[in-house]
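>>> predicted model and sequence below, questions to follow.
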Amino acid sequence: MTDTRTAPPQPPCIAFIGGGNMASALIGGLLGRGHPASQIEVVEPWDSARDALRQRFGIDAQAHAGAPLARAQLVVWAVKPQAFQDAAQATAAQVPQALHLSVAAGIPTASIARWLGSERIVRAMPNTPALVGKGITGLFAARAVDAQGRALVERVIATTGQLVWVDAEEQLDAVTALSGSGPAYVFLFLQAMQQAGQDMGLSAAQAYQLAVATFQGAAELAARSDEGPEVLRQRVTSKGGTTHAAITHMQQQRIPEHFIAAMRAAERRARELAQEFGATP
Ligand SMILES: NC(=O)C1=CN([C@@H]2O[C@H](COP(=O)(O)OP(=O)(O)OC[C@H]3O[C@@H](n4cnc5c(N)ncnc54)[C@H](OP(=O)(O)O)[C@@H]3O)[C@@H](O)[C@H]2O)C=CC1
Ligand SMILES: O=C(O)[C@@H]1CCC=N1
C-alpha cells in the first residue's frame, strides 16, 4: 500500500539584509512562533552582530550576500536608509523572484524598485517594542503585491505585535513620526518623570518603577476604554487638585503644541531621508 500522507508545507525562507535591532526583533518573533531557524538567512557585515545572532538565535549569518539567498521567498531590508542603495545593488541579482519588505524609514517604493528591478515591494514602519512582542507596524504595499504577498508579510509582522495597513505611501511618514519614533518620546518622558521623582525625594529605582507602571497602566486603560483620552484625563483631574496644577502649567507652556511640532519635524525628516538617500539612480 502506498503512503498517501503528504509532508506539511515548508515555511517560507526569509532573508534579512542587515542583522541589527529591527531584524533581531523580527527574527525573535518568528522563532518564537515556531518558524524554523533553518528557514532564515541573514546578511550582516559586522562580526560582533553576527556573533550576537548566533548566540541569541542559533543563526549563522553571512558577511556578504551570496548564493544561499536564492531560496528566499521574502527579503526583509533592515539596513539604515543611507546603506540601502549599496546593499540593494550587492544583493538584487541573488533574489530576482522574492517579495521585498523594507523597514527603512523614508525610502520610497519607487527607489527600491529601481535598485532591485522588482515592483513586488511592501514598506513597513515597525517600532522597537517589537522586541517584546508589543510592537505596532504600519504597512504599505505597492500595486504589484498580490493578496498572497500581503498575507506572507502579515504573517511575519504579526509575530511582533499589531499592524495597520495604509492606502497612501506618504502616510508611512506620519506612521514613522508617530509610532516608529514614538517609543523615544515615551522614554524621554520616562526620564523626565524619573528625574522629577528624584528631585521630590524618591530613589531613582522607585521613581522609575512608578513612571514605567504609570505609562503601562494608562496605556492599558486607554486601550480597554470606550472613552477617549480627554475624558480619561478629566477623570484624573480633580477640581482645584494636583493634576489640574500640572496640566495648567503644561498648557501655559504650550507643551501639546510643541509636541505636535516635534512630531511634524520627524515627518519632515522622513521626507528628507527619501530625498537624500532615495533620489539617486
Ligand atoms: N530602530 C528603530 O526604532 C526603527 C528602525 N527602523 C528602520 O530599520 C532600519 C534598520 O534599523 P536598525 O535595525 O535600528 O539598524 P541597525 O544599525 O541596528 O542594523 C542595521 C545593520 O545592517 C548593517 N548593514 C549595513 N550595510 C549592510 C549591507 N550592505 N548588507 C547587510 N547589512 C548591512 C548595519 O551595519 P552598519 O552599522 O555598518 O551600517 C547594521 O549592522 C533603518 O532603516 C530604520 O530606518 C524602522 C522602525 C524603527
Ligand atoms: O529614527 C529613525 O530614523 C528610525 C525610524 C523610526 C525609528 N527609528
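Received it, and whenever you're ready, just let me know what you need. Ligands and ions are numbered 1, 2, ... in the order given.

>>> check which helix or strand the residue lying closest to residue 215 once chain neighbours are set aside maps to.
Closest residue to residue 215 apart from its sequence neighbours, by C-beta to C-beta, 6 or more residues apart in numbering: residue 186 at 6.2 Å. Every residue, glycine included, has its C-beta placed from N, CA and C. Using DSSP states H and E, residue 186 maps to helix 182-199.

>>> after that helix, next one along is what?
Immediately after helix 182-199, counting by DSSP H and E, sits helix 204-224.

>>> ok and that next one relative to helix 182-199, angle-wise?
When axes from the mean of the first three to the mean of the last three C-alpha atoms, to 10 degrees is applied, the directions of helix 204-224 and helix 182-199 differ by 140 degrees.

>>> show me what the helix or strand that helix 204-224 is followed by is packed against.
If you walk from helix 204-224 toward the C-terminus, the next helix or strand you reach (DSSP H and E) is helix 229-236. If contacts are counted by 3 or more C-beta pairs under 8 Å, 6 or more residues apart in numbering; DSSP states H and E, helix 229-236 sits against helix 204-224.

>>> right, and the residue nearest to residue 215 touches residue 216 too?
No - Residue 186 sits out of contact with residue 216 when judged by C-beta atoms under 8 Å, with a separation of 10.4 Å.

>>> read off the pLDDT value for the residue nearest to residue 215.
Model confidence at residue 186, given as pLDDT, is 98.

>>> same check, this time on the one 5 residues further on
Reported pLDDT at residue 191 in the predicted model: 98.

>>> how many neighbouring residues does it have?
Burial measure for residue 191: 12 neighbouring residues, criterion other C-beta atoms under 10 Å.

>>> and the gap between residue 71 and residue 23?
According to C-beta to C-beta, to the nearest Å, residue 71 stands 18 Å off from residue 23.

>>> neighbour count winner among the two?
Looking at residue 71 and residue 23 with other C-beta under 10 Å, you find the greater number of neighbours at residue 23, namely 24 against 15.

>>> check which helix or strand the more buried one maps to.
Under the assignment given by DSSP H and E, the secondary-structure element containing residue 23 is helix 21-32.

>>> same question, residue 260
helix 255-278.

>>> for the stretch 51-200 of the chain, what lies in contact range of ligand 1?
Residues of the stretch 51-200 of the chain found near ligand 1, taking C-beta under 6 Å from any ligand atom as the criterion, are 78-81, 83, 86-87, 90, 103-105, 125-128, 180.

>>> in the helix or strand bottoming out on mean pLDDT in the chain, what's buried?
Considering only helices and strands, the least confidently modelled element of the chain by mean pLDDT, DSSP states H and E is helix 21-32, at a mean of 92. Of all the residues in helix 21-32, those buried under the rule 16 or more other C-beta atoms under 10 Å are 22, 23, 24, 25, 26, 27, 28, 29, 30, 31.

>>> check those residues against ligand 2, which are close?
On the criterion C-beta under 6 Å from any ligand atom, none of the entries of the buried residues of helix 21-32 sits beside ligand 2.

>>> from those, which two are the most distant?
When C-beta to C-beta is used, the two most widely separated members of these are 22 and 31, lying 15.2 Å apart.

>>> and residue 186 and residue 216? Which one has more around it.
In terms of neighbours (other C-beta under 10 Å), residue 186 is the more surrounded of residue 186 and residue 216; the figures are 13 against 10.

>>> distance of the more buried one relative to residue 145?
To residue 145, residue 186 is 32 Å away according to C-beta to C-beta.

>>> the least confident helix or strand of the chain near ligand 1 anywhere?
Yes - taking C-beta under 6 Å from any ligand atom as the criterion, helix 21-32 and ligand 1 are in contact, through 21, 22, 23.

>>> helices and strands around that helix, which ones?
Where contact means 3+ C-beta pairs under 8 Å, 6+ apart, helix 21-32 is packed against strand 14-17, strand 40-43, helix 47-57, helix 147-157.

>>> please identify the most buried of these.
Most buried of the helices and strands packed on helix 21-32, by mean neighbour count (mean count of other C-beta atoms under 10 Å): strand 14-17, with a mean of 26.
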